[in-house]
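Undergrad: After the sequence you'll find the predicted model.
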Amino acid sequence: MKQVNTTAIIGCQWGDEGKGKITDYYSQKSDIIVRWSGGDNAGHTIVFNQQKYKLSIIPSGIFNQAAICVIANGCVVNLEKLVSEINYLQKAGISCHNLRISDRAHVILPYHLALDACVEKAKGEKALGTTKKGVGPCYADKINRVGIRIGDLLNKDQLFTLINDNVKIKNKILKAVYQHDQQFDSQVIWAKLLALLPEIKDLIIDSGQFLNDQVKNEKRILFEGAQGTLLDLDHGTYPFVTASHPCANSIPIGTGLSLKLIKEIIGVTKAYSTRVGAGAFPSEINDEIADYIRKTGHEFGTVSNRPRRIGWFDAVIAKYSVQINGFTSLAITLLDVLSGIKELKICTNYLLNEQKINYLPSQITTFAQCQPEFIVLPGWKEDITKVTKYDDLPLNAKNYLQKISELTGVAIKIFSVGPDRKQTIVMEE
Ligand code: IMP
C-alpha cells in the first residue's frame, strides 16, 4: 500500500488568517506545494531570512527551493502579475525554476480587470469591495465556457481567435452597459501575451497528471489555501465572497487529485477575527481595542492596503468551518497580538429574533441581524513573542487556546506568536 502524505492549509475565516506562515513552515517538509484556487487577489506576506516578501499569485512555498510549486488548474492567472512576481523574487536571489503552471488554469485579461472595476462602480454603495484583480469576471468566463486557458497560449492563431471573440463582446458590454470609455484591442492583448509567454513557457505542465504521478511516487504534497472558508462562493457569506472555492472540498476539483487523497487538513484561524471589504461581521468591534489590534497586528490588506475590520474570535464561524472542511487540527495565529488586553471575548452563539442560534444563516440579510453573544476570558499581560513551547505560555493564554479547542471540538496543533519562522510553535513536536 502506497503512503499518502498530503496536507492542506485552509483559512477558517474571511482570509488573511496567516496561512502563508503556516504554509511556509510545512513547505520545508514538502516536496510539492500546490495552489488550487483564486488568483492574485490572495495577498500573502512571508518572512524569509529576516526579509519580508509580499506575493499574491506565486505560492508561499516558493521559498523552499528544493520543492516544486504548482499553480494548479483551479487558479486564475494574471500573466503580467505572475512574471512581475517572478522577476521580483529573482532580483532578491530567489529562483523560480521550481514553479509550474497548469495548462488548464484560466488567464486573467485586461478586460476582466475593467469589468471588475465597472461592476463594482455600478453597484455603488452595494459594492462587494473586491480586490479589483479581475478574478470574478475571469471565473465567470470560465463558467460561461469562453475563458482562455494557459494551454491556449501555445497555439498562436487559436489564441488570437479566442481573444478576438471575447474582446468583441466585452467591448460592447463595457460601452453599452457600463459607459466605460476604454475599448480593448485584440491585437494588443494578443501581442502582450505572446511577449510574456517565453518567461513562463517552460513552466507550463498538465498539473493533474503531474500531481497524480507525485502521489504515486509517495511525495509529500502541501495544498496552500488562499482566502478563507467564509469567502467560499457556495459556503461563504454570499454575495460578499470571492469567485472561487477556498474550502478543502475544492482541492480535488482544483487539482485533478481524487478526494480520497486529501489526508491532513489544518484550519488556520487568527486568535481574533478580521475582514476586508463589505458584508456582515457579527463579532466586529469598533473601539480602542479594535484600533490596538489593528495596529499591533498590522491589519492592513497585503493587496489593497485597506485597513481590515476587526472582531473578537467567533466560535460559531470556526465551528462552521470545521463542519465544511473536516479539519484534523487547528493552527491559531497572531496570539501575541492579544497580549496586554485585559479581557478577551469569544463569540459563542448568535441571537436571532431573540432565539439563540449557533449556525451561520444562509441569507446575508439574516446573518446581518445576528447579534453576538460572548463569553469573557481574562487576558494576559506578558509578552509571549519569545515563547518556544506551549508550557511557557501564561496560564490565561493556555486557557484561551483550550477554550477555542473546546468550542470547536478540534485539537490545536500549532500556535504562532510572531511573524518569524521560529515563532511558529508546533505542539506535537
Ligand atoms: P475578489 O476575490 O477580488 O473578487 O473579492 C471578493 C471579496 O473577497 C472581497 O471582499 C475581497 O476583499 C475578498 N478577498 C479576496 N481575496 C482575499 C484574500 O486573499 N484575503 C482577504 N479577503 C480577500
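TA: Good, I have the coordinates. Numbers count the residues shown, from 1 in each chain.
Undergrad: what's near enough to touch the closest residue to residue 151 other than its chain neighbours?
TA: Excluding its sequence neighbours, the residue lying closest to residue 151 (CB to CB, 6 or more residues apart in numbering) is residue 103, at 3.3 Å. In this view, the C-beta of every residue, glycine as well, is placed from N, C-alpha and C. Going by CB atoms under 8 Å, 6 or more residues apart in numbering, residue 103 touches 149, 150, 151, 154, 204, 205, 206, 207.
Undergrad: What count of nearby residues applies to residue 357?
TA: By the measure other CB atoms under 10 Å, the count of residues near residue 357 is 15.
Undergrad: which ones are touching it?
TA: By CB under 8 Å, 6+ apart, the contact set of residue 357 is 349, 350, 351, 370.
Undergrad: Tell me the first helix or strand C-terminal of whichever strand or helix holds residue 403.
TA: Assessed by DSSP states H and E, residue 403 sits inside helix 395-408. Sequence-wise, the next helix or strand downstream of helix 395-408 (DSSP H and E) is strand 412-416.
Undergrad: List the contacts of the spatially closest residue to residue 301 that is not a sequence neighbour.
TA: Of all residues not flanking residue 301 in the chain, residue 276 sits nearest, at 5.1 Å (CB to CB, 6+ apart). Each residue near residue 276 by CB under 8 Å, 6+ apart is listed here: 14, 15, 16, 129, 301, 304, 306, 308, 309.
Undergrad: and these, which are buried?
TA: Listed as buried from the contacts of residue 276 are 14, 15, 16, 301, 304, 308, 309; burial here means 16 or more other CB atoms under 10 Å.
Undergrad: Now narrow those to whatever sits close to the ligand.
TA: 14, 15, 16 (CB under 6 Å from any ligand atom).
Undergrad: Name the nearest of these relative to residue 364.
TA: Nearest to residue 364 among these: residue 14, at 13.2 Å, using CB to CB.
Undergrad: The helix holding residue 403 to strand 412-416, inter-axis angle?
TA: 140 degrees (axes from the mean of the first three to the mean of the last three CA atoms, to 10 degrees).
Undergrad: Return the list of helices and strands in contact with helix 395-408.
TA: Under the contact criterion of 3 or more CB pairs under 8 Å, 6 or more residues apart in numbering; DSSP states H and E, helix 395-408 touches helix 315-325, strand 329-333, strand 343-352, strand 371-378, strand 412-416.
Undergrad: possible to save the buried ones among the contacts of residue 276 as a markdown table with secondary structure and pLDDT?
TA: Formatted as a markdown table, the buried ones among the contacts of residue 276 follow (DSSP: H, G, I helix; E, B strand; the rest coil; pLDDT from 0 to 100):
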| residue | secondary structure | pLDDT |
| --- | --- | --- |
| 14 | coil | 94 |
| 15 | coil | 91 |
| 16 | coil | 90 |
| 301 | coil | 82 |
| 304 | coil | 74 |
| 308 | coil | 95 |
| 309 | strand | 96 |
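Undergrad: now, which of these sits nearest the ligand?
TA: Lowest distance from the ligand to the buried ones among the contacts of residue 276 (CB to the nearest ligand atom) belongs to residue 15, with 2.7 Å.
Undergrad: before we move on, back to that, and the buried ones among the contacts of residue 103, selectable in ChimeraX?
TA: Typed into ChimeraX, the line below selects the buried ones among these, using 16+ other CB under 10 Å:
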select :149,150,151,204,205,206,207
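Undergrad: Could you report the neighbour count for whichever residue of the stretch 251-400 of the chain sits closest to the ligand?
TA: Across the stretch 251-400 of the chain, no residue is closer to the ligand than residue 277, which sits at 2.6 Å (CB to the nearest ligand atom). Residues within reach of residue 277, counting by other CB under 10 Å, total 20.
Undergrad: go on, the one 4 residues further on?
TA: A count of nearby residues for residue 281, using other CB under 10 Å, gives 22.
Undergrad: and it, helix, strand or coil?
TA: Here residue 281 is coil, with the state taken from DSSP: H, G, I helix; E, B strand; the rest coil.
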